[in-house]
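A.B. asks: All I have is the shape, not the residue letters:
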């Protein structure tokens, strides 16, 4: 059961020297209640994709193709890209909320965190009484691990971790079906990050929302996500369950990423890494954008663009997809 | 051979603004307290800790960006006393810093050639334009920015993050330092190119006999690239030893927490879902062991007295009241 369906989405950044295709032909499904990890390096289009889905793009970025459909629990479908201004206001927070990387910038510095939660409630749930709003604000803060007396704190009085918790509390205020989290823990310390990840999973169990979790840290994604989509140069190059991607990555890029980060446990295996640098989106190589960095590339890779096709990913026969021409479109067949 | 050593380094920052405490004094930020660290030629040491723990302050103290409140520095065993003049300049030449953000550490208006030629000129390593060109080319070669002719005339914005960081490394190498302090050199870079930059630093240490201090929050990368790891928490050193030993059998409860918190898809142990709190304020740090409010095995003594250094053999030591009872600290 999908809560969000993205089809053939394309986003361009328009500039004088022509359009830059930041996101190209992306199709992704978000299932109800799942945590979908979106991984990719800077410039891979992961944040642009998220902003397009939340309708947060501003010029010069423009959606050039595709569709985003949101399915309510009662079965009605909403064409997100066609929402008008007032419809969009109702859609955001209530059905889809966003948590950004830097909570310092997304929270209002001259308003207490409690007041900011009450603000969201006042606008979107006008029937609530003042007392109910205040109670709900305290409940939400406690739910994310902030004690009730901190509701009168301003953002600058909170630590980075607390601010991010407050931002999550605001996102939860109206029980949305989808929460997009764009690098929510990147600026935090590992211990705080771990605590917040636990919190997100626990809240997900409790409220049943779906999460699109965006980060460049693949090892973190593998722990928190149910499914993962890997992006490279604006395209999704592989999807699969976290388990399948960890054990049997199909795309050479995924395999390269897995072999790039040092492991904490087990023998000190040699790190192989990925040669070269991520491509310039203004002048993408023809064919598969990864081919200049791919040790396995064949001649066809530089001429034909591989499409995302269902592959035999995962031992459980789950529906992984890969965009690679090797082995007849099944990608690499090695374990990480 | 120990090239650079800091002994009992302490740094308190006094703020020019903010509320005054008793007697009209503003309380200092106790950023670094009693830190001793030694860097060996040809070897990579790692200093690991969370943000705000004082690891960057240690880097700046070692490079004498600002003076220590107390403690001393030794370069090749000789105490360093100069704070101005030629001797000080020579110290700054021998101990070079590499910063986290290669986007702000290079002047956007100047070409790569200028960035590398300037230290050569200032420190008198070149006498002619010809020699300068040759030395710049050599430096670019050493950090694998080839073809060198092509990179020489590029502006920083024409380079990727990894390439910029290589330019910053080449600039540090230009003056032939004996010690290199790399403060989070790869945390701003994409995952796929981090490895190359870390390998480069490792090779430089091995081949040129540089003493390298790798400062990072990522203990997994320290395991791979450093021979020994020192862990820092809230301004104090808490544990040190060979990297394999520290990461595989940590003795301090904080090191354990750090290791348990690091993302690791291979993890087999069940997730622990307790909340662990956050690092303390350094204006009014907890008494005794600074970790005791978050420590799962804290004793009454931990909140009153600072634990001394306990030698554990094989170059390992820790500051913990329970260092002698590893079954407790290992949990």
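C.D. replies: Received the coordinates, thanks. Values in this document were obtained by computation on a predicted structure and should not be read as measured data. Numbers count the residues shown, from 1 in each chain, chains lettered A, B, ... in the order given.
A.B. asks: for residue B:252, what are its contacts?
C.D. replies: Counting by C-beta atoms under 8 Å, 6 or more residues apart in numbering or on different chains, residue B:252 touches B:231, B:238, B:239, B:291, B:318, B:319, B:320, B:323, B:329. Just so you know, the C-beta spots here come from the backbone N, C-alpha and C atoms, and that holds for glycine as well.
A.B. asks: Report the spatially nearest residue to it, omitting neighbours in sequence.
C.D. replies: Once flanking residues are discounted, residue B:252 sits nearest to residue B:239: 4.1 Å by C-beta to C-beta, 6 or more residues apart in numbering or on different chains.
A.B. asks: cool, and residue A:118?
C.D. replies: Closest to residue A:118 by C-beta to C-beta, 6+ apart is residue A:133, at 4.6 Å.
A.B. asks: okay but residue A:244 is in contact with residue A:321, surely?
C.D. replies: No - using C-beta atoms under 8 Å as the test, residue A:244 is too far from residue A:321 to be in contact (10.8 Å).
A.B. asks: one step back: highest neighbour count among the contacts of residue B:252?
C.D. replies: Ranked by neighbour count (other C-beta atoms under 10 Å in any protein chain shown), the contacts of residue B:252 have residue B:239 at the top, with 29 neighbours.
A.B. asks: Run through the residues that contact it.
C.D. replies: B:230-231, B:246, B:250-252, B:254-255, B:316-320.
A.B. asks: immediately after the helix or strand of chain A with the lowest mean pLDDT, which helix or strand?
C.D. replies: Least confident helix or strand of chain A, by mean pLDDT, DSSP states H and E, is helix A:103-106 with a mean of 73. Next in sequence after helix A:103-106, counting helices and strands by DSSP states H and E, comes helix A:113-124.
A.B. asks: hmm, back to that, so the residue nearest to residue A:118 lies in a helix, does it not?
C.D. replies: Yes - checked against DSSP: H, G, I helix; E, B strand; the rest coil, residue A:133 lies within a helix.
A.B. asks: burial count for it?
C.D. replies: With other C-beta under 10 Å as criterion, residue A:133 counts 20.
A.B. asks: likewise residue A:161?
C.D. replies: With other C-beta under 10 Å as criterion, residue A:161 counts 23.
A.B. asks: In contact with the residue in the stretch 1-150 of chain B positioned nearest to chain A: list those residues for me.
C.D. replies: Of all residues in the stretch 1-150 of chain B, the one sitting closest to chain A is residue B:50 (3.8 Å; C-beta to the nearest C-beta). Residues near residue B:50 by C-beta under 8 Å, 6+ apart: A:189, A:190, A:191, B:217, B:233, B:258, B:279.
A.B. asks: Relative to residue B:304, which of these is nearest.
C.D. replies: Distance to residue B:304, by C-beta to C-beta, is smallest for residue B:233 among the contacts of residue B:50, at 17.9 Å.
A.B. asks: what about the residue nearest to the closest one when sequence neighbours are not counted, which helix or strand?
C.D. replies: Nearest residue to residue B:233, sequence neighbours excluded (C-beta to C-beta, 6+ apart): residue B:254, at 5.0 Å. Element membership of residue B:254, judged by DSSP H and E, is helix B:253-261.
A.B. asks: what comes up buried for that helix?
C.D. replies: B:253, B:254, B:255, B:256, B:257, B:258, B:259, B:260, B:261 (16 or more other C-beta atoms under 10 Å in any protein chain shown).
A.B. asks: Tell me if I'm right that the third one and residue B:230 touch.
C.D. replies: No - the criterion here is C-beta under 8 Å, and residue B:255 misses it with residue B:230 at 10.3 Å.
A.B. asks: that older thread, next, the residue of the stretch 1-150 of chain B closest to chain A: secondary structure please.
C.D. replies: Here residue B:50 is recorded as coil under three-state DSSP.
A.B. asks: where does it land on pLDDT?
C.D. replies: Note for residue B:50: predicted pLDDT of 86.
A.B. asks: Same question for residue A:314.
C.D. replies: For residue A:314, pLDDT reads 48.
A.B. asks: again, but for residue B:273
C.D. replies: pLDDT, residue B:273: 65.
A.B. asks: just residue A:184 next, same as before
C.D. replies: 84.
A.B. asks: quick one: contacts for it?
C.D. replies: Residue A:184 touches A:99, A:100, A:101, A:164, A:167, A:168, A:196, A:200, A:213, counting by C-beta under 8 Å, 6+ apart.
A.B. asks: Check those residues for the minimum pLDDT and say which it is.
C.D. replies: Out of the contacts of residue A:184, that is residue A:101, at 78.
A.B. asks: how far away is that one from chain B?
C.D. replies: 14 Å (C-beta to the nearest C-beta, to the nearest Å).
A.B. asks: for the closest residue to that residue other than its chain neighbours, what are its contacts?
C.D. replies: Among residues not flanking residue A:101 along the chain, residue A:183 sits closest, at 3.9 Å (C-beta to C-beta, 6+ apart). Residues near residue A:183 by C-beta under 8 Å, 6+ apart: A:47, A:100, A:101, A:214, A:215, A:216.
A.B. asks: Tell me the one of those residues nearest chain B?
C.D. replies: So of those, ranked by how close each gets to chain B (C-beta to the nearest C-beta), first place is residue A:216, at 6.0 Å.
A.B. asks: count of residues packed around the closest one?
C.D. replies: 19.
A.B. asks: Just the pLDDT for it.
C.D. replies: At residue A:216, the pLDDT value in this model is 86.
A.B. asks: which ones are touching it?
C.D. replies: A:39, A:40, A:41, A:42, A:183, A:186, B:190, B:191.
A.B. asks: switch to 10 Å and redo it
C.D. replies: Residues near residue A:216 by C-beta atoms under 10 Å, 6 or more residues apart in numbering or on different chains: A:38-42, A:44, A:46, A:183, A:186, A:257, B:190-192.
A.B. asks: so which of these comes closest to residue B:72?
C.D. replies: Among the contacts of residue A:216, and counting by C-beta to C-beta, the member closest to residue B:72 is residue A:186, at 37.7 Å.
A.B. asks: so what's residue A:89 up against?
C.D. replies: A:83, A:123, A:124.
A.B. asks: Need these in CSV (columns: pLDDT and neighbour count).
C.D. replies: Shown next, in CSV, are the contacts of residue A:89 (pLDDT from 0 to 100; neighbours: other C-beta atoms under 10 Å in any protein chain shown):
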residue, pLDDT, neighbour count
A:83, 89, 17
A:123, 86, 12
A:124, 86, 15
